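Participant: One predicted model, sequence on top.
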Amino acid sequence: MLRVSLTLLAAFGIVAVQSGALPSRASPAPQHNVTYASPRSIRAAALQERQAHAERSLYTYPASLQQRYRNNEHGFSVRYPQGWKAQEMKQENYGKLSSIILFLSPLEGEKDISRENINLVIEELPPSPQTLEGYTAAAIALEQELFDEYTITASHDLQIAGLSAHRITYTAAMNGGSTTAFEQIWFLRDGKAYVWSLAALPDSYDRYAQTFRLMLDSLSFRK
């Protein structure tokens, strides 16, 4: 299972954790081994996800997802699995980035020394108009700068909590480490970018990706 120290690898705040400073998105990204899955496979994955999302919307939430986390400061709530721990990260601030909440999976036995996790980072956006398309392009460029062997496996727009959002899945390594599977969903709201992230080992990714998507399906904002 994935160590807690990997919590922010898929979130922009990891830059501050690793180096103490966030690189400017305006800076050109160095050349890395970046690979894209074929356009046909990405389109097929997008269609499959849209169909799965439509099917999930017909379900009631399972008993394992009946816990609810509420954040009064940002006015949202989200369901999370029974047995998981919701840990607020009020002190984890990196300039315009704030790590808000960390959801930790339970340990699976005595030999399990690490925990899968899902996290939310909120980024304060500059006052100039921002678009989801522009933010997505900048986010992918930054991830290309951060990671080695960066391979996008799916990338498409969707709706989360009534907002236009973007979902990306990819595999990558960092500092010569082992390959990790990532999924992120981000959207813009009230001058902020909300970046939800999952990082998992490849052999457990599918199981936790389902939990991640169900959690995001349950996300709602206070009216």
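Facilitator: Alright, I've got the coordinates.
Participant: lowest average confidence, helix or strand, in the protein?
Facilitator: Across the helices and strands of the chain, the lowest-confidence element by mean pLDDT, DSSP states H and E is helix 14-19, at a mean of 27.
Participant: Give me the buried positions along the longest strand seen in the chain.
Facilitator: Scanning the chain for the strand with the most residues, using DSSP state E, yields strand 148-160. By neighbour count on 16 or more other C-beta atoms under 10 Å, the buried set for strand 148-160 is 150, 151, 152, 153, 154, 155, 156, 158, 160. No exception for glycine: its C-beta is placed from N, CA and C like everyone else's.
Participant: Which strands or helices does the next helix or strand after it pack on?
Facilitator: The element immediately downstream of strand 148-160 (helix or strand, assigned by DSSP states H and E) is strand 163-173. On a contact count with 3 or more C-beta pairs under 8 Å, 6 or more residues apart in numbering; DSSP states H and E, strand 163-173 meets helix 132-146, strand 148-160, strand 180-189.
Participant: For strand 163-173, buried residues please.
Facilitator: 165, 166, 167, 168, 169, 170, 171, 172.
Participant: Taking strand 163-173 as reference, get the angle to the helix or strand that residue 194 is a member of.
Facilitator: With the criterion set as DSSP H and E, the secondary-structure element containing residue 194 is strand 192-200. Interaxial angle of strand 192-200 relative to strand 163-173 (axes from the mean of the first three to the mean of the last three C-alpha atoms, to 10 degrees): 40 degrees.
Participant: Name the strands paired with strand 192-200 and say parallel or antiparallel.
Facilitator: Counting by DSSP bridges, the strands paired with strand 192-200 are strand 117-124 (antiparallel), strand 180-189 (antiparallel).
Participant: Generate TSV for these, with distance to residue 208 and mean pLDDT as supplementary columns.
Facilitator: Shown next, in TSV, are those (distance: least, C-beta to C-beta, whole Å; pLDDT from 0 to 100):
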stretch	distance to residue 208	mean pLDDT
strand 117-124	8	92
strand 180-189	9	94
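Participant: wait, which of those is closest to residue 216?
Facilitator: In terms of C-beta to C-beta, the element of the strands paired with strand 192-200 nearest to residue 216 is strand 180-189, at 5.5 Å.
Participant: In the chain, where is pLDDT below threshold?
Facilitator: Along the chain, the parts satisfying pLDDT under 70 run over 1-64, 90-95, 109-114, 175.
Participant: repeat that for 80
Facilitator: Counting by pLDDT under 80, the ranges of the chain that qualify are 1-66, 90-95, 107-116, 174-177, 223.
Participant: Verify the stated contact: residue 70 with residue 86.
Facilitator: No: the criterion here is C-beta atoms under 8 Å, and residue 70 misses it with residue 86 at 9.8 Å.
Participant: Same drill for the two, tell me which one is more crowded.
Facilitator: Neighbour comparison, residue 70 and residue 86: the larger count goes to residue 86, with 16 against 12 (by other C-beta atoms under 10 Å).
Participant: gap between the more buried one and residue 151?
Facilitator: As defined by C-beta to C-beta, to the nearest Å, residue 86 lies at a distance of 31 Å from residue 151.
Participant: do the same with residue 205
Facilitator: When distances are taken as C-beta to C-beta, residue 205 and residue 151 turn out to be 13 Å apart.
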